[in-house]
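# When you get a sec, could you give me coordinates for this:
(one chain, ligands or ions: 2)
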Amino acid sequence: MTIELKWGILGAGNISCQFVHDLCLNNERKDGAVRHIITSIGTSSSQKGSEFIEKCDINSKNNEGVIPAVQSYEDLFKNNDVKVVYIGTPHPMHKSQVEHALNSGKHVLCEKPFTVNKKDAEYLVNLARSKKLFLMEAVWTRFFPAIEFLKKLLFETRKLGTIHRLFADFSYDAELAKLPPTSRLRDINLAGGTLLDIGIYSLTYGRILLDNKLGEESSKFQVKSFLTLDPTDKVDYNSSVIMKYANGSQGILTASNYTDGPSPFARLECSNGYAELFAQNPACPEKVKVVFKDGSEPIVYENNTGYNGFIYEANAVAHDISAGRTENAIMPLAETLLVMSTMDGVRQENGFVYPHDY
Ligand SMILES: NC(=O)C1=CN([C@@H]2O[C@H](COP(=O)(O)OP(=O)(O)OC[C@H]3O[C@@H](n4cnc5c(N)ncnc54)[C@H](OP(=O)(O)O)[C@@H]3O)[C@@H](O)[C@H]2O)C=CC1
Ligand SMILES: O=C1OC[C@@H](O)[C@H](O)[C@H]1O
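Ligands and ions are numbered 1, 2, ... in the order given. Okay, the predicted model is just below:
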């Protein structure tokens with residue numbers, strides 16, 4: 001049976017374009033059981049919306065015969081042809097936009113970080129639950145086939161034995177001096193800095209590779225951390241977090257916008273060997289290499305599909321909504337709250353407050 005899902009895309013920017021690429025490619029290839037139809041682009045400027053449709057190559061052939069409407073945010077929320085809203089705007093906008101979407105009766109997939117702090121995340125989780133609408137933070141990394149492969153090896157076949165330690169780094173030289181102070185990476189009013197933007201992925205690896213449980217069920221862990229706050233921008237451009245689980249395993253989870261990161265970007269050390277993760281962008285794990293201490297043949301898992309990688313979470317959302325589920329089992333809301341509260345804790349440990357926290 002084919003599942004059809006009608007999307008409204010909020011914010012005609014960078015990540016929205018990468019997201020819609022995968023929806024359109026999926027339709028063009030007639031891959032799998034889901035057809036994603038983009039019915040509306042919500043944007044601050046109709047010119048931007050039209051340029052978005054052209055630049056991101058949304059056309060009637062790859063969008064099930066539909067050319068999306070270009071609308072104001074307000075009109076997108078009122079549009080009966082929108083069933084789920086994808087929110088691809090800077091972090092501090094997420095709270096009011098998710099709220100507005102839910103109050104308009106829409107399901108929501110919201111980009112990471114879900115909100116700036118746990119307090120705001122809790123508010124939205126309670127709202128979605130009270131309205132019985134689907135809500136998920138778009139932590140696409142968790143849905144990649146490479147992660148499914150690795151988790152099976154770690155937690156089902158247990159071929160790597162006991163997990164001892166994880167190094168995971170998401171760093172890239174953002175050439176900050178060349179960016180305007182109003183850039184979302186730099187501006188404290190746009191919740192700039194590394195922890196919320198890319199450190200969240202390093203923390204995500206600490207959550208998915210060191211623990212097989214989620215949210216309220218998760219294994220207990222403690223955190224110690226350092227953030228380096230930039231003297232001019234007053235946001236964090238180096239973030240180092242150590243996560244120690246009750247069983248003794250540790251995650252050394254780092255992020256930086258001052259410098260490029262290593263390859264492999266992650267190394268997981270276990271009693272029977274180790275796994276290394278490779279990617280251009282550590283948010284989308286493309287390749288995993290598993291090496292065993294006993295000399296048996298290493299396993300290399302690679303998945304080159306032509307998708308950016310957003311299709312995995314988008315399909316998961318479509319299956320959930322069509323089945324009437326209001327949360328996703330891989331990225332449930334309790335896990336979002338756990339990660340948000342971990343990031344709150346790191347910021348508190350380092351005296352780093354955003355204006356949105358008050
Ligand atoms: N999953 C992933 O790999 C990635 C996720 N992200 C997340 O997506 C979100 C958006 O990032 P990105 O696409 O890079 O951002 P952009 O800077 O490209 O902005 C996206 C859109 O948000 C709106 N917007 C931008 N700046 C402002 C502002 N100052 N005030 C109000 N609205 C604004 C604009 O929408 P309009 O069209 O209405 O003008 C813009 O097109 C972030 O939360 C980020 O964390 C980002 C990159 C990768
Ligand atoms: O989510 C992200 O992943 C890729 C980064 O370049 C970007 O800044 C961030 O938002």
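# Would you confirm that Asp120 belongs to a helix?
Yes: counting by DSSP: H, G, I helix; E, B strand; the rest coil, Asp120 is part of a helix.
# Next, count neighbours for it.
Neighbourhood size, Asp120 [other CB atoms under 10 Å]: 20. Every residue, glycine included, has its C-beta placed from N, CA and C.
# Could you double-check that it lies in contact with Gln97?
No: assessed by CB atoms under 8 Å, Asp120 is found out of contact with Gln97, at 11.7 Å.
# number of nearby residues for Gln348?
Gln348 - counted by other CB under 10 Å - has 12 other residues nearby.
# for the residue lying closest to Leu268 once chain neighbours are set aside, helix, strand, or coil?
Distance criterion CB to CB, 6 or more residues apart in numbering; nearest residue to Leu268, sequence neighbours excluded, is Ala275 at 4.5 Å. Three-state call for Ala275 (three-state DSSP): strand.
# where's Ala275 relative to ligand 1, distance?
Noted for Ala275: a distance of 22 Å to ligand 1, by CB to the nearest ligand atom, to the nearest Å.
# what does Gly324 give?
26 Å.
# give me the element that residue is part of.
According to DSSP states H and E, Gly324 maps onto no helix or strand at all.
# Next up, phi/psi of it, please.
phi 80, psi 10 (degrees, to the nearest 10).
# now swap in Phe114 and tell me
Torsion angles, degrees, to the nearest 10, at Phe114: phi -50, psi -50.
# okay, now it: neighbour count?
30.
# was I right about Leu160 contacting Leu268?
Yes: taking CB under 8 Å as the definition, Leu160 is a contact partner of Leu268 at 7.5 Å.
# picking up where we left off before, tally of neighbours for the residue nearest to Leu268?
Look at Ala275: counted by other CB under 10 Å, it has 26 neighbours.
# residue contacts, it?
Leu150, Leu153, Leu160, Arg267, Leu268, Val288, Lys289, Val290, Val291 (CB atoms under 8 Å, 6 or more residues apart in numbering).
# So of these, which two are at opposite extremes in space?
Leu153 and Arg267 (14.7 Å; CB to CB).
# Now for Glu276: which residues touch it?
Pro264, Ala266, Arg267, Leu268, Val288, Lys289, Val291.
# Contact residues of the stretch 151-300 of the chain facing ligand 2?
Asp197, Ile198, Asn281, Ala283 (CB under 6 Å from any ligand atom).
# if I look at the third one, how far off is Phe170?
Relative to Phe170, Asn281 is positioned 8 Å away (criterion: CB to CB, to the nearest Å).
# for the last one, same thing?
According to CB to CB, Ala283 and Phe170 sit 7 Å apart.
# Common neighbours of the two, please.
With CB under 8 Å, 6+ apart, Ala283 and Phe170 have common neighbours Ile198, Tyr201.
# Of the two, which one has the most company?
Phe170 (28 against 18).
# Helix, strand or coil: sort out the more buried one for me.
strand.
# More neighbours: Leu160 and Leu268, which one.
Leu268 (27 against 23).
# Next one, pLDDT for the residue nearest the centre of the chain please.
Centroid-nearest residue in the chain: Val139, 2.3 Å away (criterion: CA atoms, centre = their mean). We have a pLDDT of 98 for Val139.
# which ones are touching it?
Val139 touches Lys112, Ile200, Thr204, Glu313, Met331, Thr336, counting by CB under 8 Å, 6+ apart.
# Name the nearest of those relative to ligand 2.
Nearest to ligand 2 among the contacts of Val139 is Lys112, at 6.2 Å by CB to the nearest ligand atom.
# Count residues in the vicinity of that closest one, would you?
Neighbours around Lys112, by other CB under 10 Å: 23.
# And the strands in the stretch 101-250 of the chain, which stretches?
107-111, 135-138, 163-171, 221-229, 236-245, 250-256 (DSSP state E, counting those that start in this stretch).
# Name the residues of the stretch 1-150 of the chain found near ligand 1, please.
Checking the stretch 1-150 of the chain against ligand 1 by CB under 6 Å from any ligand atom, the hits are 11-15, 43-45, 48, 88-91, 93, 111-112, 138, 140.
# Can you tell me which of those end up in strands?
Glu111, Ala138 (DSSP state E).
# From the residues of the stretch 1-150 of the chain next to ligand 1, list just the buried residues.
With neighbours counted by 16 or more other CB atoms under 10 Å, those contain buried members at 11-13, 15, 43, 88-91, 93, 111-112, 138, 140.
# If anything else comes up later, I'll come back, but that's it for now.
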